[in-house]
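Visitor: Model the following, please.
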Amino acid sequence: MSTPKDVLLIAPTWSPKIRHKIPGTTIDSWINDWTQWVANISTLNLVPVFFLHPNMEEAFAESNITPSIPVIRGNQVQEFLARAAVVVTDRSSIVNEGHFIGVPGVLVAPESDPLSFKLRDKYLDSGFILVDDFAELPSAVKHAVADDVTRFRQPADLPPEPSCEKLVSLILETRFE
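Guide: Numbering: from 1, shown residues only. Down below sits the predicted model:
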């Protein structure tokens, strides 16, 4: 029996490469930006889960924010990625691990961001859905889930991070046991 695909895994990175480009952005506003659009996809019957990327741990601990959706950390991501119907991120490597087990990825990758622009073709060639801003996320996620996006190609330029090889094998064991 396969694991149900009932999770919307939200995995922003809070990358220093991104956050310094957004004046006035705090951890609170960043998390709010990443979670407020979820209400627009309630008809999909997915359980939204916020993966707290290691880049966010310190700032999150110092904030007063209580996200409106469950927050997971570290190794908890294995179970939720195995159950994910889609992964939404800015550039977390979790999207690559999901890709290898057949989970569609939606990336917030604004053309105006030089790093996102540099990676856009690689992500598109690998079958990911790219959006320029949060307003486009509900539509992109609905498309990924409704169309059961399976355009996955072996992403020669996007291998799983070496630190995630064990994660991929554990997810595969969990997902297909």
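
Visitor: Output the below-cut-off pLDDT ranges for this protein.
Guide: 1-2, 15-25, 112-118, 147-177 (pLDDT under 70).

Visitor: can you give me the helices for it?
Guide: Here the chain has its helices, by DSSP state H, at 16-19, 27-35, 57-62, 77-83, 94-100, 114-125, 137-146, 165-176.

Visitor: ok, Val108 - how many residues close by?
Guide: Neighbours of Val108 under the rule other C-beta atoms under 10 Å: 22. C-beta coordinates here come from the backbone N, C-alpha and C atoms, glycine included.

Visitor: What sits closest to it if chain neighbours are left out?
Guide: Among residues not flanking Val108 along the chain, Asp90 sits closest, at 4.9 Å (C-beta to C-beta, 6 or more residues apart in numbering).

Visitor: so that neighbour touches Leu107, yeah?
Guide: Yes - Asp90 is within contact range of Leu107, at 6.7 Å (criterion: C-beta atoms under 8 Å).

Visitor: re earlier: the residue nearest to Val108 and Val131, how far apart?
Guide: According to C-beta to C-beta, to the nearest Å, Asp90 and Val131 sit 10 Å apart.

Visitor: Same drill for these two, tell me which one is more crowded.
Guide: Comparing Asp90 with Val131 by other C-beta under 10 Å, the one with more neighbours is Asp90, at 21 against 18.

Visitor: related to what we said a few turns ago, and the gap between the residue nearest to Val108 and Pro110?
Guide: 9 Å.

Visitor: and if you look at Ala84?
Guide: For Ala84, the distance to Pro110 - C-beta to C-beta - is 23 Å.

Visitor: just Pro12 next, same as before
Guide: According to C-beta to C-beta, Pro12 and Pro110 sit 13 Å apart.

Visitor: higher neighbour count, the two?
Guide: More crowded of Pro12 and Pro110, by other C-beta under 10 Å: Pro12, with 24 against 17.

Visitor: need the contact list for that one.
Guide: For Pro12, the contacting residues are 30, 34, 53, 56, 89-90, 92, 108, by C-beta atoms under 8 Å, 6 or more residues apart in numbering.

Visitor: Neighbour-wise, give me the winner out of those residues.
Guide: Counting neighbours by other C-beta under 10 Å, Ser92 comes out on top of those with 26 neighbours.

Visitor: OK, contacts around that one?
Guide: By C-beta under 8 Å, 6+ apart, Ser92 lies in contact with 11-13, 51, 53.
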